[in-house]
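>>> can't give you the sequence, but here's the structure:
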């Protein structure tokens, strides 16, 4: 038996993959080892973020540490797990690691050892980081790491991810194992039970390509075993050669015909080793105390109290995304306003200044204004994941979400959509199946996000009386609540319809681990919050910024020199008389916008939006709203000559809107038009950043295009029904 | 090692017969391939002891303790798991 040297060559840094079951503290150990020296790895076609960090070791020099997604085994049930397999086995696009650090949870040793055995079978040099040994005592357990080391034949280092204890020793073991990697001889632990299975393995081993086995018989056998157990008809492991797939299929069919189950044979062989050796290194106390987690779950998973607590927590999250973030958002807005004001004073008047203040600074501001909500959302998600509560949320919501064709894990991303669809779309990464992720992404933008709020506020404030129904329920508040209920209902209906049509699939069986509760590790939570928020700024930020600038150009060009000079003459006249020219300026801006490209688009789409009760000026507003929905308000401000410096509370803008009339003298804005407009905003996907986020997360143009189209059609039809139906019923 | 279908059919009871707090040994792990394989890899094997922690949840989820881990399954899907008859 020979083993190809897998040790680091002189011309490159050694790659060390850090792997393990979910909830073993793997990422915390990774964060502690690498500190701030991390980046997101760049792999073709990989949407899951793989973090990498660089370390300096005494003997081995600089190494790259790769944080592999958590997985129970090398047979995947989700895309993240498939990536873990590719990263550990060194399949494309990953390079083979020189060493694998398996983080094992000492409190669940047998299951963690199953994964350890799989990695060892691949013949990779390995170090076991035995985590949570400090929690063994309260569970009435005691582990003998030296005995385990002896049985496995690899270094086992006891450590604690939370306190950082044992990590220097872990680094030392990594260093020593890397240095000795060239002489590493893999040891086989599991014996194959039957002669038939041995034959299957031999047959498949013959089809293992040389680049995988690197000439090692042991690795050939391990990969054959892995293929027999793990290959599926519809997995995404594109790298597996067709002859190997064919051989696996044939062998499995033969076995099934003979009444054998290959999966059970392989798995049982590994557990047979674990069960027969476990007592040599794990001692169980006679009376096991009932776990704290179980006592907490008696309350938190209680059908009544647990559900109530969950809804209360979600209410707090929801409320805080609105109210706690709003002072910070106001602060960011005023900083950018002040910056624009300062620039107006410092620079000479002209297009360049207008572009800087109204285009660029407003654009950057419109990206950063979301940051408080996004940070807060990811803080909550991080806390829920780190404490173990996220799994309980999935437990509680499974039934409800399943009725609309989604998994329990879709719930948190969906309600995050009330704040902003972009971070909510990023939050779908916690979901197991790509189908569920895509479906969730397609309905999240229907949830009424906070950018729709200014639009609702403007319309409701301008067009609906501040009176009350039944003497005490305020009409305006009722409408606002109604819009939220409507959007939520539409999102649920859309999920139900899509899951029964385009995304028709059998609900996969649920296997949900409820990990023990633990105190959050704040550095990890905060790091994750920052990493995810930064991803938003980098990915969506660029698109939002570019769109804001492009839309600014669309709404300000082409210029007309005759018009410019005519306004200039009038302005000079006013200045000579010592009168204010602010009204003239607003009129000029309105004129310019009407004749801009955007204005032309407004005119061009008028026939399409007239049946919804909208005129071409509203059309310009809809064009402007593509940068971000709240831009609708400022665009209308300019179109109606109230100036671009308005918000939804502006009395000038509200009165201009009420006074706006059609050619026949009737008002443009009736309550019915207002309702139609709000419905349109609730349903249409007027958000470039959402489309950019979906494109990035699905790695295809198909889904953003579909999203835009289906929401647009939905919005048009709903507004049409409301407006025409309302008119038919006799409402003006 | 292993089990024969015919022999286990005679004296098997479904996992859903378990009451909260009860323990029993598994005899058979069924269901579709991915589900069965993952459960077995998590240590749900014939001969392994399971404890039903909770069965009255929202909807139809049950919670099991297997090899020190707490795993939640849907009652309808747990039908594919069978236990040794009570002694």
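Looks like it came in fine. Note that this is a predicted model, so its numbers are computed, not measured. Numbering: from 1, shown residues only, chains lettered A, B, ... in the order given.

>>> run a quick neighbour tally on residue A:566.
Residues near residue A:566, counting by other C-beta atoms under 10 Å in any protein chain shown, number 13. From N, CA and C alone the C-beta is placed, and that goes for glycine too.

>>> which ones are touching residue A:476?
A:460, A:461, A:464, A:466 (C-beta atoms under 8 Å, 6 or more residues apart in numbering or on different chains).

>>> what sits against the first one?
Under the criterion of C-beta under 8 Å, 6+ apart, the neighbours of residue A:460 are A:476, A:479, A:480, A:674, A:678.

>>> could you look up the SS state of the third one?
Applying DSSP: H, G, I helix; E, B strand; the rest coil to residue A:480 yields a three-state assignment of helix.

>>> is it true that it touches residue A:455?
No: with contact defined as C-beta atoms under 8 Å, residue A:480 does not count as touching residue A:455 (11.4 Å).

>>> so where do the helices sit in the stretch 551-700 of chain A?
A:561-577, A:582-594, A:597-609, A:616-624, A:631-639, A:651-659, A:671-683, A:688-698 (DSSP state H, counting those that start in this stretch).

>>> ok, chain B next?
B:5-10, B:33-41, B:75-78 (DSSP state H).

>>> quickly, which of the ones you listed bottoms out on average pLDDT?
For the helices of chain B, mean pLDDT drops lowest on helix B:5-10, to a mean of 49.

>>> the closest residue to residue A:603 other than its chain neighbours: what's it in contact with?
Nearest non-adjacent residue to residue A:603, counting by C-beta to C-beta, 6 or more residues apart in numbering or on different chains: residue A:616, 4.7 Å away. Neighbour list for residue A:616: A:599, A:602, A:603, A:605, A:606 [criterion: C-beta under 8 Å, 6+ apart].

>>> redo those residues as JSON lines? Include pLDDT, neighbour count and distance to residue A:547.
Compiled in JSON lines, those are given as follows (pLDDT from 0 to 100; neighbours: other C-beta atoms under 10 Å in any protein chain shown; distance: C-beta to C-beta, whole Å):
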{"residue": "A:599", "pLDDT": "85", "neighbour count": "22", "distance to residue A:547": "18"}
{"residue": "A:602", "pLDDT": "86", "neighbour count": "27", "distance to residue A:547": "17"}
{"residue": "A:603", "pLDDT": "87", "neighbour count": "15", "distance to residue A:547": "21"}
{"residue": "A:605", "pLDDT": "89", "neighbour count": "17", "distance to residue A:547": "18"}
{"residue": "A:606", "pLDDT": "89", "neighbour count": "15", "distance to residue A:547": "23"}
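
>>> between these, which sits nearest chain B?
residue A:605 (46.2 Å; C-beta to the nearest C-beta).

>>> quick one: contacts for that closest one?
A:616, A:619, A:622.

>>> which parts of chain B are strands?
Assigned by DSSP state E, the strands in chain B fall at B:13-14, B:23-29, B:49-54, B:61-66, B:69-74, B:81-83.

>>> an error on my part: the question was meant for chain A.
Using DSSP E, the strands of chain A run over residues A:14-20, A:38-40, A:51-57, A:61-67, A:99-105, A:126-131, A:141-143, A:155-159, A:282-284, A:468-469, A:473-474, A:512-513.

>>> next, the buried residues of stretch A:697-716.
By neighbour count on 16 or more other C-beta atoms under 10 Å in any protein chain shown, the buried set for stretch A:697-716 is A:697, A:698, A:703, A:704, A:706, A:707, A:708, A:710, A:711, A:714, A:715, A:716.

>>> residues contacting that stretch, please?
Here stretch A:697-716 has contacts from A:45, A:47, A:425-426, A:428-429, A:437-438, A:441-442, A:445-446, A:490, A:494, A:608, A:612, A:679-685, A:690-692, A:694-695, using C-beta under 8 Å, 6+ apart.
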